[in-house]
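> Next come a sequence and a model predicted from it.
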Amino acid sequence: MRNSLHILRYVEGDSVIHRMNPRAKVLALVLLLLVVSFDASWISVGLLWFLVIGGSMLARLPRQVAPRPPRILIVMMVATITLALLAGGEPYGLGGAILQTRLFAFTLGLLGLSLLVGWTTPTADLPVAAAWLLTPLRWLHVPVDDVVAGLALATRALPLVAEEFTTVISLSRFRPQRLTGPLSHGMDLAATATTATVRRGLEMGEAIEARGGTPTAKQIAHSPGVPDAWGMNELALLGAVAAIIALTLMT
């Protein structure tokens, strides 16, 4: 369905993007996010959206995976741009609105690129890539095991929590409205969603304890099923990322 949330939910496929090593994809994503975050120019925004649209076409993702933003979010974005327009600024008094529009486009581009990696990478492979990427931090005595274990739990729980939120919101539309107003209705939704989230967390915790507890980062990094070798596709991806970084730094 169009309204369902496909957050970190793997979309099966046999495209070039799907077959890429998850470590290469996560490394490219981290490098891009670090570089373009320091220079949120229109060139960076264009490069981000080029990668999002081009990657989605290469992955042959269906249109149904794209989440439809809530109406309140669109209203808030339009209101923010309108207020920025009243602030004026160069050129021609549109400086504030242009800056705010660029910020929204930049943020949505970063979100789209992150979702693209989540859609084309199995959920179980994301902690594997993170464990490999965070290995050098062990030299700084960073608790990598705890970080990776938390990331593994979060990546598995987030789709379940999103599904619970979707179910709660869908069921709330069939409930009669309370006379106390929309604030109480929103508080009821928040309480119900929190209860469902805690219940999901308890169920997942019991299942993990039954299987022997949370794995360490070393166990996750050496999980079977993830190829260690990088092929031409991965090298081409990192080469394209290097070219984008160089272009961004030169402008």
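Perfect, thanks for sending it. Quick caveat, the model's predicted, so the values are computed rather than measured.

> Near the closest residue in space to residue 134 that isn't next to it in sequence, how many other residues are there?
Leaving aside its sequence neighbours, residue 134 sits nearest to residue 144 (CB to CB, 6 or more residues apart in numbering; 4.9 Å). Just so you know, the C-beta spots here come from the backbone N, C-alpha and C atoms, and that holds for glycine as well. A total of 21 residues lie near residue 144 under the criterion other CB atoms under 10 Å.

> Please read off the pLDDT at residue 144 from the model.
According to the predicted model, the pLDDT of residue 144 comes to 76.

> And it, how close does it get to residue 162?
The gap separating residue 144 from residue 162 is 27 Å, by CB to CB, to the nearest Å.

> cool, residue 14 as well?
Counting by CB to CB - residue 14 and residue 162 are separated by 26 Å.

> just residue 103 next, same as before
25 Å.

> next one: residue 168
11 Å.

> how about residue 133, what does it touch?
23, 26, 27, 30 (CB atoms under 8 Å, 6 or more residues apart in numbering).

> can you pick the most crowded of these?
Counting neighbours by other CB under 10 Å, residue 23 leads the contacts of residue 133 with 22 neighbours.

> element containing that one, please.
Of the helices and strands defined by DSSP states H and E, residue 23 is found in helix 22-37.

> likewise residue 106?
Here residue 106 is assigned to helix 95-120, by DSSP H and E.

> Now do that helix: distance to the chain's middle.
11 Å (CA atoms, centre = their mean, to the nearest Å).

> So which other helices or strands are in contact with it?
Counting contacts by 3 or more CB pairs under 8 Å, 6 or more residues apart in numbering; DSSP states H and E, helix 95-120 packs against helix 16-19, helix 22-37, helix 42-59, helix 71-87.

> closest one to residue 149 among those?
Residue 149 lies closest to helix 22-37 among these, at 16.9 Å (CB to CB).

> What residues of that closest one count as buried?
By neighbour count with 16 or more other CB atoms under 10 Å, helix 22-37 contains the buried residues 22, 23, 24, 25, 26, 27, 28, 29, 32, 35, 36.

> How about stretch 189-209?
Buried residues in stretch 189-209 (16+ other CB under 10 Å): 189, 192, 193, 196, 197, 208.
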